[in-house]
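Colleague: fold the following.
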Amino acid sequence: MTLIRRIALGTLVTLLALVLVGAWYISHDAGPAPVAPIPQQSARMKAVVFRQYGGPEVLRIEEVEKPAPKADQLLIRVHAAALNPLDSHRMRGLPYPVRLMLTGIGRPRLTRLGVDFAGSVEAVGAQVTRFRVGDEVFGATDGALAEYVTSTEVGIALKPANSTFEQAAGVPIAGITALQGLRDKGQLKAGQKVLINGASGGVGTFAVQIAKSMGAEVTGVCSTRNQELVRLIGADHVVDYTRDDITRGNERFDLVLDMVGSYPLLAYRRVLNPHGTVVVIGSTSTDRWIGAMSGWAKATFIGPFVGQHYEVLMADVNRTQDLDALAELMKSGQVTPIIDRTYALADTAEAMRYLEQGHARGKVIIRID
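Modeller: Below is the predicted model:
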């Protein structure tokens, strides 16, 4: 073997070893994070905590220190919170790249769970101008599965009077995702035809209603048992994916919103108008390395090689104006959050098991008080 070949082989072996070591490092579990002591004089509250990666069995209800608002923050007593697939990804640290980008290597960096919430303002910092004590609000902040949270004014809105705390808690991530997918990525206009794959899920039930409020003709794809629900929330047409393959039909759409990734992305080309758009939001893939990101990766690769537009969406939940827009749709009755099941805080692990089955119709809610 020549010297050049030896060097090349040695380089290849070294790179392979580095890849394997890197993969082990990202995917390894380091055991539970240590418990931070609570100062003796501090006020306490109950919260959902996970100190290591795993299934719902790692979730615990613990006493933690009650937060105090800074000058630019509100203290909010949480009445209800919602579970999202994001919470499952954080809890499990899957797919593995999220540990590197978001949650922490070996063990969770943030041990509190939950983002979506609704509650009452109990205190405000000196720099807060939009809210006052007693306001009923909803929004998104880390650690929402707790009796109290603090948050800046960003990503918080007044709860519509005609919505319950449970309904409002289900809005932020799912509602904003649907809105940004339809309006921003999809550029949906009145009179256009939109196909929503996953129409009975958390994002899908919002997408159907928002699309109708924008004047679109909506076709929803769901299972047999969810057809009636999807019609009730406004879909003009409903396709049962267990019986019919929408990608082989004769209908043509201006926009496809895909939450589940149950069809090959290229199959949508057959039912898209020449300048139509596919917006990929999620996937049901359980691959531990790619998982829900598989749809984003495929759409990014396909996009440059086809005539239609393939877009991916990771919603920005800190867009306060979008939360305000959803609140207005709720006030007018054009959007009503759909709740599948409601659980007590003590039953959060059971609620997560149900969510991870992938059959929830609308939102899974945790009642705090």
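Colleague: show me the contact partners of stretch 343-356.
Modeller: 46, 48, 55-57, 59, 61, 83, 85, 87-88, 91, 113, 145, 341, 360, 364-368 (CB atoms under 8 Å, 6 or more residues apart in numbering). All C-beta atoms are positioned from the backbone trio N, CA, C, and that covers glycine.
Colleague: whichever of those end up buried, select them in ChimeraX.
Modeller: A single ChimeraX command selects the buried members of these (16 or more other CB atoms under 10 Å):
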select :46,48,56,59,61,83,85,87,88,91,113,145,341,360,364,365,366,367,368
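Colleague: start to end distance for stretch 191-200?
Modeller: 22 Å (CA to CA, to the nearest Å).
Colleague: I misspoke; the intended subject was stretch 138-154.
Modeller: 11 Å.
Colleague: in that stretch, which residues are buried?
Modeller: 138-141, 143-153.
Colleague: ok, stretch 271-279 next?
Modeller: 271, 272, 276, 277, 278, 279.
Colleague: same question, stretch 209-225
Modeller: 209-214, 216-222.
Colleague: closest to residue 317 out of these?
Modeller: residue 210 (15.6 Å; CB to CB).
Colleague: does the closest one really touch residue 182, like I thought?
Modeller: Yes - judged on CB atoms under 8 Å, residue 210 makes contact with residue 182 at a distance of 5.7 Å.
Colleague: of the buried residues of stretch 209-225, which is the nearest to residue 101?
Modeller: residue 210 (28.8 Å).
Colleague: that closest one: what's it in contact with?
Modeller: 175, 178, 179, 182, 329, 335.
Colleague: go again using 10 Å as the cut-off
Modeller: Contacts for residue 210 (CB atoms under 10 Å, 6 or more residues apart in numbering) come out as 175, 178-179, 181-183, 188, 194, 196, 216, 218, 234, 325-326, 329, 334-335.
Colleague: secondary structure element for it, which one?
Modeller: In the assignment (DSSP states H and E), residue 210 maps to helix 202-213.
Colleague: point out the other helices and strands that the very next helix or strand once past that helix packs with.
Modeller: Next along the chain after helix 202-213, taking DSSP H and E as the criterion, comes strand 217-222. Packing contacts for strand 217-222, counted by 3 or more CB pairs under 10 Å, 6 or more residues apart in numbering; DSSP states H and E, involve strand 193-197, helix 202-213, helix 227-232, strand 237-240, strand 253-258.
Colleague: what do you get if the cut-off is 7 Å, keeping everything else the same?
Modeller: Judged by 3 or more CB pairs under 7 Å, 6 or more residues apart in numbering; DSSP states H and E, strand 217-222 is in contact with strand 193-197, helix 202-213, strand 237-240.
Colleague: need those in CSV (columns: distance to residue 256 and mean pLDDT).
Modeller: Listed next are these as CSV, based on distance: least, CB to CB, whole Å; pLDDT from 0 to 100:
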stretch, distance to residue 256, mean pLDDT
strand 193-197, 5, 98
helix 202-213, 11, 98
strand 237-240, 12, 97
